[in-house]
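J.: Let's see this in three dimensions:
(chains A and B)
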Amino acid sequence: MIWTALLSTGLKIVLLGILDAISVWAAVSLGTSGSYSFLAGLVIGVIIINYLALSTKAYPFRYLFPGLVFLGAMVVYPIGYTVYISLTNLQTGNFLTKAQVIAQLDGRYYLPPDYESFRFWAYRNDQGALRVILIAGDGRAFISEGDRLKSVDLDEPQFERSPGGIVERFDGYRRISGPELYQNLSLLERLNLQYGDYTVRLANLNEFRSYRKQYQYFPGEDKLVDIQTGKVYYSKEGYFTAEDGTRIEPGFRVNIGLRNFISVLTSPTIRKDFTRVFTWTILWSLFTVLFSFAVGLGFAMLLNDPYIRARFLYRSLLIIPYTMPAFISALVWAGMFNTDLGVINRILGNLFGLKINWLNDPFWAKVTLIFINVWLTYPYMMIVSLGALQSIPVELFEAARVDGARGWQQFWKITMPLLLVSVAPLLIGSFAFTFNNFTIIWLVTAGRPAVLGAATPAGATDILISWTYRLAFEGAQGNQLGLASAVSIIIFIIIAAISAVNFRFTKALEEVSQGV
Amino acid sequence: MYSRHSWFGLLWRHLLIWLGIAYALFPAIWVLSASFNPTNTLVGQKLIPARLTLEHYRTLFSDPTAPFPTWLANTVKVAGVTAVITVLLCALGAYAFSRFRFRGRRSGLLMLLLVQMFPQMLAMVAIYLLLLELGKYFPWLGLNTHLGLIFVYLGGAMGFNTWFMKGYFDTIPRSLEESAMVDGATPFQAFWRIILPLARPILAVILIIQFITSYGEYILASILLKGVDRYTLAVGLRFFIQEAYNRRWGTFAAASIMGAIVIVLIFLPLQRLIISGLTRGAVKE
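T.: Alright, predicted model coming up:
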């Protein structure tokens, strides 16, 4: 007994040591690559693991920790990050941080009127280092040393020259030409050789030229000066912007407070899209739940009837739509509703001579989507209704019959109220699920047909979540991640409100049932 | 509420049910027929094909532009790994919440309840950026990797399933573990040797439900997976059939049948078990 305890403790310490050693290595590599947020995460994680393994007080957390890691990293952290992104202007054109933009602009050059051209020879040594010798138009020679350019006298003895005067070798460097030169083109392009106020760079395959830096950034005043034109730019709303409103691309990401939310809710163009998408999302969820509940309850009533035989077989067949993966059903239905080729239009055409534009007409596309989703959802409604129906005491109906209540009266006065007590929370849950049922929308219509003149890429059948997806990943205006995150947060607030109502509603209904 | 029906009453009830069954099965039958139909377009299809062929199933396993077997294998891999790890981690967490009394237990449970209300896909932009960033340092965990997708699914699966499993563990009497611990078992041994075997039904339910959920997940997979050979079935099938209903219908039908049969075969025999899990879960007791 004592031996196994010792063994397990020893094993624990060895494993912990290995983990810590690996972590130190990972921390160093993260630290040197400058990824401080991941470094912080790693350090905190490792400290927690050590604490959990060594402290007896933290014993229960040893069980919780593995799950919490995933929950934290893939749900809690993304929630916080979504909130953060929703407060920024993160989008195509504003992906970089300000420091990255300044660094990028620092690498932009212009050719001043008084520029000089240089012929060049390129050299490599055995370590693969690259140097160049430049010859100006008037014969002066220069050599690169690091990122500087120095005057040099090619008559000095270390330069081995060919009869034509070309320097072939020096200090272990060997001239490269022809195909070898082309292979090293990217290295040559990266050379920025400082010479006084000028930066000498490769201009084309034959020559280097002396450039000047286009921009200079003054951190104290947070301004950027275009040296060529003398124009002054100040950072404003994620761009370096001049007095006259001209901006320098690319922009950078900045915190813009609640502006994404404000523009969704008040900007005349985006709000129009939002209202339209929101209305359809509500209708889509409402009709799906109502119709699928009606159909499901209908079948449940039939299947609950003890005088009907083969009920188990019927039930198994009727829940088939529920067992098929929804993405397959959605794609199959989309094919069947295809306007020109689909079986639905073929049947309608043969019987009534009708040809309905199911998926490309805004109205019919909505009808189709609801129809398909009712097909997908009614088995769930049937199953829960069946369970709820079976829990209603039969005596109630006997008593009602004695009192003279007829079929429909029984249904509305007894069945429905009692059924709703247990089913209503599920209906609300189903509403919330349908509200975010991206898969069906995306695989059947992908939000189409497009709406002409919409300010954002919101199609006629887009629901909020698919609109978000489109804003973030598929928009014609690029990736509007900040705006998309703001819409995500709005959806979450709606879902949270529905859930809150659900908790209340359940209680209220329980009180009702106690009164029966 | 029911009384004996006249023959007419019975007739219309059965008719109604059969109408419903026709409605329920129509797409499945239509696709089944298409998958054996020699034509590959929607137009030429008849419900009862003039000639049966396995050609489309053969195409599935030989067409390099649509690597269906790879997609199916990817999906089963991602869903399977996610399901197994979910069960293990959630069982651990649920055991702690059910059996130990410690500071932070109540607030932990409340947090779990609140977090699982948040649909993970709402954070898709953040998850995308997170994996983009992670991939720079750990390429095996970044965008377009199955491990990354599995991690994301695991995060989404923790909240609800831990909560759900804790409810079941609470119903298992403690006396068995207590007597084992009197005999010298550690809490972990009690968990592994006693609780887990007793909780087999709930473990099975969560395993299957999680497998089915991950199997059919579309939105996150479509954002995170960018290479055709990395696609899961949901992303791959959409990619395959999009705008191609007129020339790939038969092959698509065969793929649908294969993809659906995996799930239907799991679902039908275990329907009572799964449905009890699903409906119970929805109530969030």
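J.: which bits of the stretch 1-150 of chain A sit near chain B?
T.: A:1, A:29-30, A:33, A:35, A:38, A:59-61, A:63-64, A:66-68, A:70-79, A:81-82, A:85 (C-beta under 8 Å from any C-beta of the partner chain). (Each C-beta comes from the backbone N, C-alpha and C, glycine too.)
J.: out of the residues you listed, which are inside helices?
T.: In this view, the residues of the stretch 1-150 of chain A next to chain B that belong to helices under DSSP state H are A:29-30, A:38, A:59-61, A:63-64, A:66-68, A:70-71, A:77-79, A:81-82, A:85.
J.: Make a PyMOL selection of the buried ones in those.
T.: The command below creates a PyMOL selection of those among those that count as buried (16 or more other C-beta atoms under 10 Å in any protein chain shown):
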select buried, chain A and resi 30+38+60+61+63+64+66+67+68+70+71+77+78+79+81+82+85
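J.: can you pull the contacts of the residue in the stretch 101-250 of chain B that chain A sits nearest to?
T.: Chain A sits closest to residue B:155 of the stretch 101-250 of chain B, with a gap of 2.3 Å, by C-beta to the nearest C-beta. By C-beta atoms under 8 Å, 6 or more residues apart in numbering or on different chains, residue B:155 lies in contact with A:70, A:71, A:72, A:73, A:74, A:75, B:120.
J.: same thing with residue A:79?
T.: Counting by C-beta under 8 Å, 6+ apart, residue A:79 has contacts B:118, B:123, B:126.
J.: Residue A:164 now?
T.: Taking C-beta under 8 Å, 6+ apart, one finds nothing in contact with residue A:164.
J.: How is it classified with respect to secondary structure?
T.: Following DSSP: H, G, I helix; E, B strand; the rest coil, the label given to residue A:164 is coil.
J.: tell me the pLDDT at residue B:43?
T.: We have a pLDDT of 64 for residue B:43.
J.: Where does the residue of the stretch 101-250 of chain B closest to chain A sit, in terms of helix or strand?
T.: helix B:146-170 (DSSP states H and E).
J.: Check the stretch 201-350 of chain A for the residue nearest chain B and tell me.
T.: residue A:341 (3.5 Å).
J.: What helix or strand is that residue located in?
T.: Going by DSSP H and E, residue A:341 is not part of any helix or strand.
J.: Distance of it relative to residue B:250?
T.: 12 Å (C-beta to C-beta, to the nearest Å).
J.: just the helices in the stretch 101-250 of chain B please.
T.: B:105-115, B:124-137, B:146-170, B:175-182, B:187-190, B:196-198, B:200-216, B:219-224, B:233-241, B:245-267 (DSSP state H, counting those that start in this stretch).
J.: I'd like these as JSON lines, with mean pLDDT and distance to residue B:94 appended.
T.: As requested, these are arranged in JSON lines below (pLDDT from 0 to 100; distance: least, C-beta to C-beta, whole Å):
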{"stretch": "helix B:105-115", "mean pLDDT": "85", "distance to residue B:94": "10"}
{"stretch": "helix B:124-137", "mean pLDDT": "90", "distance to residue B:94": "25"}
{"stretch": "helix B:146-170", "mean pLDDT": "91", "distance to residue B:94": "4"}
{"stretch": "helix B:175-182", "mean pLDDT": "86", "distance to residue B:94": "14"}
{"stretch": "helix B:187-190", "mean pLDDT": "88", "distance to residue B:94": "14"}
{"stretch": "helix B:196-198", "mean pLDDT": "89", "distance to residue B:94": "11"}
{"stretch": "helix B:200-216", "mean pLDDT": "90", "distance to residue B:94": "9"}
{"stretch": "helix B:219-224", "mean pLDDT": "94", "distance to residue B:94": "25"}
{"stretch": "helix B:233-241", "mean pLDDT": "92", "distance to residue B:94": "29"}
{"stretch": "helix B:245-267", "mean pLDDT": "87", "distance to residue B:94": "23"}
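J.: For those, give me TSV that also has distance to residue A:351.
T.: Below are those laid out as TSV (distance: least, C-beta to C-beta, whole Å):
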stretch	distance to residue A:351
helix B:105-115	52
helix B:124-137	43
helix B:146-170	45
helix B:175-182	66
helix B:187-190	67
helix B:196-198	58
helix B:200-216	34
helix B:219-224	38
helix B:233-241	27
helix B:245-267	22
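J.: buried ones in stretch B:215-235?
T.: Neighbour-count burial for stretch B:215-235, counted by 16+ other C-beta under 10 Å, picks out B:215-225, B:230-235.
J.: contact partners of that stretch?
T.: Taking C-beta under 8 Å, 6+ apart as the rule, stretch B:215-235 contacts A:325-327, A:438-439, A:442-443, A:465, A:469, A:473, B:67, B:70-72, B:74-76, B:78-79, B:120-121, B:124, B:127-128, B:131, B:143-146, B:148-149, B:152-153, B:236, B:238-239, B:255, B:259, B:262-263.
J.: Tell me the spacing between the residue nearest in space to the middle of chain B and residue A:231.
T.: Centroid-nearest residue in chain B: residue B:212, 1.5 Å away (criterion: C-alpha atoms, centre = their mean). For residue B:212, the distance to residue A:231 (C-beta to C-beta) stands at 61 Å.
J.: Residue A:179 too?
T.: Where residue A:231 is concerned, residue A:179 sits at a distance of 44 Å (C-beta to C-beta).
J.: more neighbours, these two?
T.: More crowded of residue A:179 and residue A:231, by other C-beta atoms under 10 Å in any protein chain shown: residue A:231, with 15 against 8.
J.: in terms of contact, does that one touch residue A:245 like I think?
T.: No. Residue A:231 is beyond contact range of residue A:245, at 11.7 Å (criterion: C-beta atoms under 8 Å).
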